[in-house]
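**Q** requesting a structural model of the entry that follows:
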Amino acid sequence: MTIHNGAEATRIDYKLSLEKEKPKSWLKSVSAFANTSGGHIYFGYTDDTHTAVGLDDVQAVASKISELITNRISPNIRFELTEIVSDTNGRNCLDLFVSNGPNYPYYYVHEKTKEAYVRHGDRSVIATTAELNNLILKGQNRTYDSLPSITNIK
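**A** Here you go, the predicted structure:
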């Protein structure tokens, strides 16, 4: 069995399988990686020991990942899918690499929900108001300090 090196952390997340019925469970990490420093989601690995167990149909999983990212993350992100060959009876794994930026913020969008996530350690959490404001400015290639002041100093 293949064990992937590295703990679940700021730029790494592990998923046993692709959650199709509740994709928010992994799409919030996609949003968070795009809004912070990028990262990898490894599909087909146990969450606790990071042991490769593989996926039943890697191509079908890759297609579904692409479809769900395209339909539920806005604006479009840059991402790569790479098959990872494992020694688990022909059941290979997938590496979803999500690049960060440059069109911040990136939202998870579904029905009437629109949420931006950021990565805090090994967790993907909803961006606070301050974090969201900073992401909006970052998307405009601006910072808070560069904004014009409404105060008149004489």
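
**Q** for residue 28, grab phi and psi.
**A** phi -70, psi -30 (degrees, to the nearest 10).

**Q** can you pull out the strands in the protein?
**A** In the chain, the strands defined using DSSP state E lie at 12-15, 39-43, 73-74, 79-84, 93-98, 107-110, 113-120, 123-126.

**Q** contacts for stretch 116-130?
**A** With C-beta atoms under 8 Å, 6 or more residues apart in numbering as the test, stretch 116-130 has contacts from 7-11, 13, 28-29, 31-33, 35-37, 39, 105-108, 115, 131-132, 135. Backbone N, C-alpha and C define where each C-beta goes, glycine included.

**Q** actually stretch 62-74, not the one I wrote
**A** For stretch 62-74, the surrounding residues in contact (C-beta under 8 Å, 6+ apart) are 18, 20, 23, 27, 30-31, 34, 43, 76-77, 79, 81, 83, 94, 96, 106-110, 114.

**Q** and those residues, which of them are buried?
**A** Neighbour-count burial (16 or more other C-beta atoms under 10 Å) applied to those gives 18, 23, 27, 30-31, 34, 43, 77, 79, 81, 94, 96, 106-108.

**Q** low-scoring stretches of this protein, by residue?
**A** Scanning the chain with the threshold set as pLDDT under 70 gives 1-6, 143-154.

**Q** can you show me the helices along the protein?
**A** For the chain, the helices defined by DSSP state H cover 24-35, 58-72, 129-139.
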